[in-house]
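>>> build me a model:
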Amino acid sequence: MTFFQALIQGIVQGLTEFLPISSSAHLVIVPFLLNWDLDPQKAFLFNVLVQVGTLLAVIVYFWADLAAIFKAVFAGLKEKQPFMTTESRLGWYIVLGTIPAGLAGLALKSKVEAAFNSPVLTTVLLFVTAILLTTAEIFSKKEKELDQLTWVDSLIIGLFQALAIFPGISRSGATISGGLFKGYTREAAARYSFMLSIPIMLAAGLLSVVDLVKADFFLDFLPTMVFGFVVAGIVGYFSIRWLLGYLKRNSLFGFAIYCALLAILTIFAAWLR
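Residues are numbered from 1 along each chain as shown. Below is the predicted model:
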């Protein structure tokens, strides 16, 4: 992977990790459409590790919220009342909501890695993202705010996140849709979606760091990896800010249409080849 390819993939990751259009799909489809001949092992590790850049972006953006959550959780444990405040409950709900995706990722790791080498499967799953976004917009009430989150809701949204371990199903799209199905506003669903992404992205990143360090190409690949990481983090930060403002006034239909059109374009390109 060249520095130019890392630049493009870093921008793609930063733009699409938080927009509900599947960053994993774009990291598979963009090289396919550009006819890049990437080493599958390097490409998979890059795709997972570059997410750590966007993980840093979400931590920086929600730093004040996360600090309040950590403080409330530890205060609750100290007082032996772990659910006494909205912030402490939110902290435990994030942990609960992470469990389904964590279990799914461990159980299906080899299948997920194989899916990253299949543009066709990725394209099919991109249609699933479009369907999720469309149905969530049509059938949701969009009334509840984040302080009304319950453990049942957090678990259900976590199950939606588990769907997104495969490339093509947007993690943010799935979890925002899950929040909408449970009656939350778009902005509340998005904020919870972004904070819910932190544990699973951190775990996936750490596991891939271990795989990268063990790889023979580690030292040669490291500069390219770091470059993509920085690019993804910077772009991801501004992506979060833009999307939260956008969802205050606009629906998810535009993203659903984009996913469907990208899937059609990829199928057409595959057919031509």
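>>> quick check: buried residues in stretch 124-132?
Neighbour counts over stretch 124-132 (16 or more other CB atoms under 10 Å) mark 125, 126, 127, 128, 129, 130, 132 as buried. C-betas here are computed from N, CA, C, even on glycine.
>>> pretty sure the fifth one contacts residue 170?
Right, the one you point to is residue 129. Yes - assessed by CB atoms under 8 Å, residue 129 is found in contact with residue 170 at 4.6 Å.
>>> shared neighbours, those two?
Here residue 129 and residue 170 have 20, 21, 22, 25, 259 as joint contacts, going by CB atoms under 8 Å, 6 or more residues apart in numbering.
>>> which two from these end up farthest apart in space?
The distance between the two most remote of the shared contacts of residue 129 and residue 170 (CB to CB) is 11.2 Å, for 20 and 25.
>>> common neighbours of these two, please.
In contact with both residue 20 and residue 25: 129, 170, using CB under 8 Å, 6+ apart.
>>> immediately after the helix or strand where residue 41 lies, which helix or strand?
Secondary structure from DSSP states H and E places residue 41 in helix 40-49. Once the chain leaves helix 40-49, the next helix or strand it forms, by DSSP H and E, is helix 51-61.
>>> assumed residue 70 was part of a helix.
Yes - applying DSSP: H, G, I helix; E, B strand; the rest coil, one finds residue 70 inside a helix.
>>> next up, the contacts around the spatially closest residue to it that is not a sequence neighbour.
Spatially, and ignoring its direct neighbours in sequence, residue 70 is nearest to residue 91 (7.0 Å; CB to CB, 6 or more residues apart in numbering). Listed by CB under 8 Å, 6+ apart, the contact set of residue 91 reads 69, 70, 72, 73.
>>> switch the cut-off to 10 Å
For residue 91, the contacting residues are 66, 68-74, 76, 82-83, 85, 195, by CB atoms under 10 Å, 6 or more residues apart in numbering.
>>> before we move on, what about residue 188?
Residue 188 neighbours (CB under 10 Å, 6+ apart): 142, 143, 144, 145, 146, 147, 148, 149, 176, 179, 180, 247.
>>> just the buried residues from those residues, in PyMOL please.
The buried residues among these can be selected in PyMOL (16+ other CB under 10 Å) with this line:
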select buried, resi 142+144+146+149+176+179+180+247
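>>> flag the shaky bits of the protein, pLDDT-wise.
For the chain, the stretches flagged by pLDDT under 70 are 109-110, 113-117, 208, 211-213, 215, 217-218.
>>> most distant residue from the middle of it?
For the chain, the largest distance from the centre (CA atoms, centre = their mean) belongs to residue 79, which lies 34.2 Å off.
>>> buried ones in the helix holding residue 41?
So, applying 16+ other CB under 10 Å, buried residues of helix 40-49: 41, 42, 43, 44, 45, 46, 47, 48, 49.
>>> between the two ends of stretch 129-149, how far is it?
Counting by CA to CA, to the nearest Å, you get 24 Å between the two ends of stretch 129-149.
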